[in-house]
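1. sequence isn't available, so here's the structure alone:
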C-alpha cells in the first residue's frame, strides 16, 4: 500500500481551496485505495482517498469534476 506524499496532499488542498472548502472540512488519509474515493462522512467533512492504481496526476485531474458533481453545501467554506 502506497502512502500519500506531502506534495500530493498540498496539490489536493490547492484544488479544494479553489472550491472555497475550508481545510478543516477536508480529510485526506495517508493510505491509498485501489480506486480511491470521495465521500462526505458523518462528521460533516469531505474524505478524499487517493487512488493507488491510477497515476496521481490523472487521478487529480478527474477529482475536480467529481467534486463539482457532488452536493458540498453542508461543508464548511472559507470566507
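-> Nice, thanks for sending it over. Keep in mind the model is a prediction, meaning the values are calculated, not measured.
2. find the residue at the geometric middle of the protein.
-> With distances taken as C-alpha atoms, centre = their mean, the residue of the chain nearest its centroid is residue 48 (3.4 Å).
3. counting by contacts, list what the helix or strand harbouring it packs against.
-> Residue 48 is located in strand 46-49, with elements delineated by DSSP states H and E. Packing contacts for strand 46-49, counted by 3 or more C-beta pairs under 8 Å, 6 or more residues apart in numbering; DSSP states H and E, involve helix 6-18, strand 26-27, strand 37-40. All C-beta atoms are positioned from the backbone trio N, CA, C, and that covers glycine.
4. go again with 6 Å.
-> strand 37-40 (3 or more C-beta pairs under 6 Å, 6 or more residues apart in numbering; DSSP states H and E).
5. ok now the strand it packs on, how far from the chain's centre?
-> Centre-to-centre, strand 37-40 and its host chain are 8 Å apart (C-alpha atoms, centre = their mean, to the nearest Å).
6. beta partners for the residue nearest to residue 29 when sequence neighbours are not counted?
-> Leaving aside its sequence neighbours, residue 29 sits nearest to residue 49 (C-beta to C-beta, 6 or more residues apart in numbering; 5.4 Å). Following DSSP bridges, residue 49 is listed with bridge partners residue 37.
7. my read is that residue 49 contacts residue 39, right?
-> No - assessed by C-beta atoms under 6 Å, residue 49 is found out of contact with residue 39, at 8.3 Å.
8. ok, these two, which is more surrounded?
-> residue 49 (19 against 12; other C-beta atoms under 10 Å).
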